[in-house]
Every structure is written in structure tokens, then in C-alpha cells.
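*Asks:* Take this sequence and fold it.
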Amino acid sequence: MTEGARPTDGAAPQGAPVELLILTGMSGAGRSTAANVLEDHGWHVIDNLPPRLLPAMVALGEEVRERGVDLKVAVVVDVRAQRFSDDLRSAFDELDVSRWTPRLVFLDATDEALVRRFESVRRPHPLQGEGRLLDGIQRERAVLSELRSRADVVIDTSGLNVHQLARRVEDLLGAEGGRLRIAVMSFGFKYGIPLDADFVFDLRFLPNPFWVPELKALTGRDAPVAEFVLEQPGAEEFLDRVTLLMDTVMAGYVREGRRYVTVGIGCTGGKHRSVAITEALAARLSNERAVGFVVHRDLGRE
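*Replies:* Numbering: from 1, shown residues only. Coordinates of the predicted model:
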């Protein structure tokens, strides 16, 4: 979707395409929280719109924008809609041949996390039927698999509370002059690889500060740990090579109109090495083309 500069009086440019964001994903993964964040940031949020109505809704939005109204629309779609998969696929086909393309944000979580959330509120899954809760989750995952593969960004909410999810959405969708948004995420392999990582790098080749008594209780955000990690053989070379790789990737993403990318940096527990390198890499990746920001998924989890 093309974004032009907005006039200083706040009016939208005549004939400019509507800003459209499609918010979808697994039931229980946090769509309502994400929708609230968007609404707080000035988006007009439409919940549970039948997918087949997407083109008509956008046409109406363009009429409003023609009158100089700056309109940003976020549509929440899920499997409650009848004929969800086929209708949404057809709607996207119609949108792809028009003069604009929506952004698609997909919220995901592990089966374990989703089961725990549904059990905590004592509600059935919308596709559960007469089966188990897990049966409904697996049916929904199968229905949404193609849509997930088309997403501009996937957010793994498994280990996030509502406040952390809100911050993640704000970080990803923050306005920074149209630059690519790069989430550099530290994590611990013992807690699993992030579902939403586009790239994953393993830092377990570096010595672990956990085994240094004076560093064990600290984290990669503390200067003594960061200095220890960055002084190890291979650390600076790793940063140089990943930065060079991502420069190439970012240039391609910008050409293709992609707006988000998540880089996972893992160590054993997500406390020392991955945190220090994540902070350093995010700073290196911030430039005129991209905005790098940090996400420490497992920090404080031990």
C-alpha cells in the first residue's frame, strides 16, 4: 500500500487510497487487545466484518477520503464468519488487482497457550463443536494456514500479557516516515523458537555469562554483561555479518513494499547473550531505511 505525505492541515490527499489493515489470527491470540490499541491510535476498527464485504467497505472508504477525510481502517476478521476461508481468499484476489494492497497482521500462539487461555475464561472454541478444545484449535489452525503464510507480520503472543502485546502492536505499527520496522527479539531456546521470527540466529557459540559468578544475576542490559559478551571472539564478527545480510534483505523488502520483519536472537535462557546482542544489533539496523527496536521475549522469565 502506498503512503504519501499528508497535508499539514490534516486533510487526506484527493484520491489517495484508504489505509487498510486486516487483523486476524487464532482465536484467543489477542485480536481484541490489538484492535483496542489500533482504535486508541486513531484507526477506525470494524470487528467481525464478513470477508466478502471487504471490497465494498474499502470503496466506501475511498469515497470518504475523496472528500479530504484522513481515514485509517482496521478490519478484524476471524472464523466466526461463514465461508471464512473462501470468502477471504476471494476478497484478497479482488484487492490485489486494485491500486492498493492492505496490510495483513496475523496473531498466533502455541496450542498450549491457547488451551490455557480458553480454560481460564471457561469458554468453548468457536470450532470446537462436540469435540475437545484442542480439536477446535487444530481445525482453526488448518483453516488459517494459507492466510498466515500471506501475512505481512505474524505476532506470537504465547508469552505476552495484554500490556506486552499492546506495546508490540504499537512498536510494529508506529509511524516512522514509512520506514521498514525491524523487531530484534531476544529469546531462550529452552522456551522454544518464536513463532513469528522471520530469521533466527543462535548465539550459543559464545561463552555464557551465566557461569561467571559476578555476572550470573545480571542481564544483557547491564553494562558488565554486555561488555563481556561483545568482547568474546566472534561477537563483533557476528554483528558485522548479520548487519550486512540484513542490509541486503531490507533493501529487497523496501522494493517489495514489505513493512515489518522480525529477527530472533537466541541463547539458552534469553537472559544474557541474546539480550546484549539484540540491543547492539537493533542499534545497527536503525538507519534512513529502517527502524530497529528490541523485544526481550524471555527476559525475567527464569
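
*Asks:* Mind listing the residues bridging to the residue nearest the centre of the chain?
*Replies:* Nearest to the geometric centre of the chain sits Ile155, at 3.7 Å (CA atoms, centre = their mean). Beta-bridge pairing for Ile155 (DSSP bridges): Leu107.

*Asks:* how close does it get to Glu63?
*Replies:* From Ile155 across to Glu63, the span is 32 Å (CB to CB, to the nearest Å). Where C-beta positions appear, they are placed from N, C-alpha and C, glycine not excepted.

*Asks:* again with Asp47
*Replies:* Between Asp47 and Glu63 the computed distance is 22 Å (CB to CB).

*Asks:* quick check: domain ranges of the chain?
*Replies:* Following automatic domain parsing, the chain resolves into domains at 19-173, 180-296.

*Asks:* so how far is the longest one off the chain centroid?
*Replies:* What it means is domain 19-173. Centroid separation for domain 19-173 versus its chain: 12 Å, with CA atoms, centre = their mean, to the nearest Å.

*Asks:* and Ser186, bridged to which residues?
*Replies:* Ile265, His296.

*Asks:* burial count for it?
*Replies:* 31 (other CB atoms under 10 Å).

*Asks:* what are the ranges of the strands in the stretch 51-200 of the chain?
*Replies:* 72-76, 103-108, 153-156, 180-188, 199-202 (DSSP state E, counting those that start in this stretch).

*Asks:* I'd like those strands as TSV, with distance to Phe210 and mean pLDDT appended.
*Replies:* Below are the strands of the stretch 51-200 of the chain laid out as TSV (distance: least, CB to CB, whole Å; pLDDT from 0 to 100):
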stretch	distance to Phe210	mean pLDDT
strand 72-76	42	85
strand 103-108	30	90
strand 153-156	25	90
strand 180-188	11	92
strand 199-202	16	97
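
*Asks:* Of these, which stretch is the most buried?
*Replies:* The highest mean neighbour count among the strands of the stretch 51-200 of the chain, using mean count of other CB atoms under 10 Å, belongs to strand 180-188: a mean of 25.

*Asks:* Output the contacting helices and strands for that strand.
*Replies:* helix 162-173, helix 235-256, strand 260-267, helix 273-285, strand 290-296 (3 or more CB pairs under 8 Å, 6 or more residues apart in numbering; DSSP states H and E).

*Asks:* Going by contacts, tell me the helices and strands next to the third one.
*Replies:* Right, the one you point to is strand 260-267. On a contact count with 3+ CB pairs under 8 Å, 6+ apart, strand 260-267 meets strand 153-156, strand 180-188, strand 199-202, helix 235-256, helix 273-285.

*Asks:* can you put those in CSV and add distance to Ala217?
*Replies:* Formatted as CSV, those follow (distance: least, CB to CB, whole Å):
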stretch, distance to Ala217
strand 153-156, 28
strand 180-188, 16
strand 199-202, 24
helix 235-256, 21
helix 273-285, 14
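
*Asks:* Fine, thanks again, bye for now.
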